[in-house]
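**Q** sequence? don't have it. structure:
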């Protein structure tokens, strides 16, 4: 009956909505844009929006609620209900992670504002399509992420140091990766550093602050990208009375193709 | 009387033609495309054209003679006479440099074919415009160039190893330089390597094979570009009975703006 087509973002979201899919979304619908989610009381929304505007590499904002309490994000998918359509969420009280749930309808409030931020899965797909090997994918682990000593631009209650993800490449492949990722400024864009980890304040690549270590082979250099964990770290530090995020690796699957984000 | 305008390529070429200008062209008319020149007997033109096609990063061909013996290159400048319009030329016999002259009318033959190749001055202007420091310019020396152990794709009598130029940058500036130079594939394009010189077969950065050494500061990495000396090295190795090139640093100044070469 012809070629198989990749299930649409809508189909995956409906599985989440029905509680049938609660797993990590890495490798699922790889051609579709996936998003980090941050949900905050309206009173903090302006500060967070400014934090994204000031720090676009770690916080590339793709969409936000049209008004407080509105659970839709129609530019990412006509039917999106942010309360049910992710596989897993984290609830935060006073900056502390309190629980993980697969549905936030019971926790929804009329003052909540949702922010959907671009995610590295989109540029990883572009790198794989170009024939590059991505070590965390080859080794089937989470990408290693590190806190740096490089402060973000603060905005109101939000501040903190940049968090980076790291992928090893030969210099030749690193140059290619820089070219490819430069086309995708809305999903972290070009790397921010390569080579010496100490220049970012990273003491030991074998001990990431988040995710898992990966092998660095002879002749390879570590290449560092601004990471979507940065806003979560700023959120923790701000100790907001209440916030909701996606659970790590359990992203919002949208209807947008990664290719639609290419700047050039 | 209004703003001063940069003298046109035509004006500089006329000064060369009258023998009034015989110096190096670095820094002259920096917004205009300058070219490496290779002039060969027709019998070798097909091989050389294939060599350029197979090795576009070191040999980015911008224009060639419409027919043997024709001294014009009208796509680069309506009035160009390749026999008089460069400040300085080199004459080669059996692969050996025999003399330098400022005019090749006495050596012109009906079977000669001219090739104009893109030059690093164009991307250096783009890097300077972006606020990057170029060490060889700051230190007022020729860019350091190195023979590598990386063979070019051979074509007929033409073969040899890639020659690279090197400019030091911090990783942050190197990433920016990769982005900027990627826009200019016709003037060597993106770097081909950064970091460890030994990976290219370069033993000592302080001892370039051509040009001058430059300072490498703490926290900087050497960044390597394919270099227009590569075809000259292949030309020497081929030991052609007769050939003419520009003298190093004494380029053809065209009427094209560097910006017209930007791919994106």
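**A** That came through fine. Computed from a prediction, not measured in an experiment: that's the story for all the values here.
**Q** tell me which stretches of the stretch 151-264 of chain A form strands.
**A** Remark: strands assigned in the stretch 151-264 of chain A by DSSP state E, counting those that start in this stretch are A:161-169, A:193-194, A:221-226, A:242-246, A:252-257.
**Q** which residues of chain A lie near chain B?
**A** Residues of chain A lying near chain B by C-beta under 8 Å from any C-beta of the partner chain: A:171-172, A:174-175, A:178-179, A:182, A:190-196, A:199, A:219, A:221, A:264. C-beta: built from backbone N, CA, C; applies to glycine.
**Q** among the residues you listed, the buried ones, what's the PyMOL command?
**A** Only the buried entries of the residues of chain A next to chain B go into this PyMOL selection, using 16 or more other C-beta atoms under 10 Å in any protein chain shown:
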select buried, chain A and resi 171+174+175+178+179+182+190+191+192+193+194+195+199+221
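**Q** save the strands of the stretch 151-264 of chain A as a markdown table, and put in mean pLDDT too.
**A** Shown next, in a markdown table, are the strands of the stretch 151-264 of chain A (pLDDT from 0 to 100):
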| stretch | mean pLDDT |
| --- | --- |
| strand A:161-169 | 97 |
| strand A:193-194 | 98 |
| strand A:221-226 | 98 |
| strand A:242-246 | 97 |
| strand A:252-257 | 96 |
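**Q** got TSV for those strands, with distance to residue B:143 too?
**A** Formatted as TSV, the strands of the stretch 151-264 of chain A follow (distance: least, C-beta to C-beta, whole Å):
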stretch	distance to residue B:143
strand A:161-169	26
strand A:193-194	22
strand A:221-226	23
strand A:242-246	49
strand A:252-257	42
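**Q** quick one: which of those strands is nearest residue A:78?
**A** Taking C-beta to C-beta, strand A:252-257 is the member of these nearest to residue A:78, at 7.5 Å.
**Q** how about residues contacting that closest one?
**A** Contacting residues not belonging to strand A:252-257 are listed as A:8-10, A:12-13, A:25, A:28-29, A:31-37, A:62, A:73, A:76-78, A:80, A:82, A:85-86, A:116, A:246 [C-beta atoms under 8 Å, 6 or more residues apart in numbering or on different chains].
**Q** buried members of these into ChimeraX, please.
**A** In ChimeraX, this line selects whichever of those come out buried by 16+ other C-beta under 10 Å:
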select /A:9,10,12,13,25,28,29,32,33,34,35,36,37,62,73,76,77,80,82,85,86,116,246
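**Q** in helices, which of the contacts of strand A:252-257 fall?
**A** Of the contacts of strand A:252-257, the ones assigned to helices by DSSP state H are A:9-10, A:12-13.
**Q** need these in CSV (columns: pLDDT and distance to residue B:69).
**A** What follows is the ones in helices among the contacts of strand A:252-257, written out as CSV (pLDDT from 0 to 100; distance: C-beta to C-beta, whole Å):
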residue, pLDDT, distance to residue B:69
A:9, 95, 64
A:10, 95, 67
A:12, 96, 67
A:13, 97, 70
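**Q** widest-spaced pair of the residues you listed?
**A** Pairwise across those, and taking C-beta to C-beta, the largest span is found between A:10 and A:12, at 7.4 Å.
**Q** quick one: what helix or strand has residue A:140 in it?
**A** Following DSSP states H and E, there is no helix or strand that holds residue A:140.
**Q** run a quick neighbour tally on it.
**A** 9 (other C-beta atoms under 10 Å in any protein chain shown).
**Q** so it versus residue A:121, what's the distance?
**A** Shown here: residue A:140 relative to residue A:121, a distance of 15 Å by C-beta to C-beta, to the nearest Å.
**Q** show me where pLDDT drops low in chain A?
**A** Scanning chain A for pLDDT under 70 picks out A:1-7.
**Q** could you list the domains of it?
**A** Following automatic domain parsing, chain A resolves into domains at A:9-119+A:239-261, A:121-230.
**Q** how about the helices of the stretch 101-250 of chain A, start to end?
**A** A:120-129, A:135-138, A:171-182, A:229-238 (DSSP state H, counting those that start in this stretch).
**Q** quick one: which of those helices is nearest residue B:58?
**A** helix A:171-182 (15.4 Å).
**Q** and the residue lying closest to residue A:93 once chain neighbours are set aside, how many residues sit next to it?
**A** Leaving aside its sequence neighbours, residue A:93 sits nearest to residue A:242 (C-beta to C-beta, 6 or more residues apart in numbering or on different chains; 6.0 Å). Residue A:242 is flanked by 17 other residues according to other C-beta under 10 Å.
**Q** list the contacts of residue A:242.
**A** Residue A:242 makes contacts with A:41, A:91-93, A:109, as judged by C-beta under 8 Å, 6+ apart.
**Q** from those residues, which land in helices?
**A** Residues of the contacts of residue A:242 located in helices (DSSP H): none.
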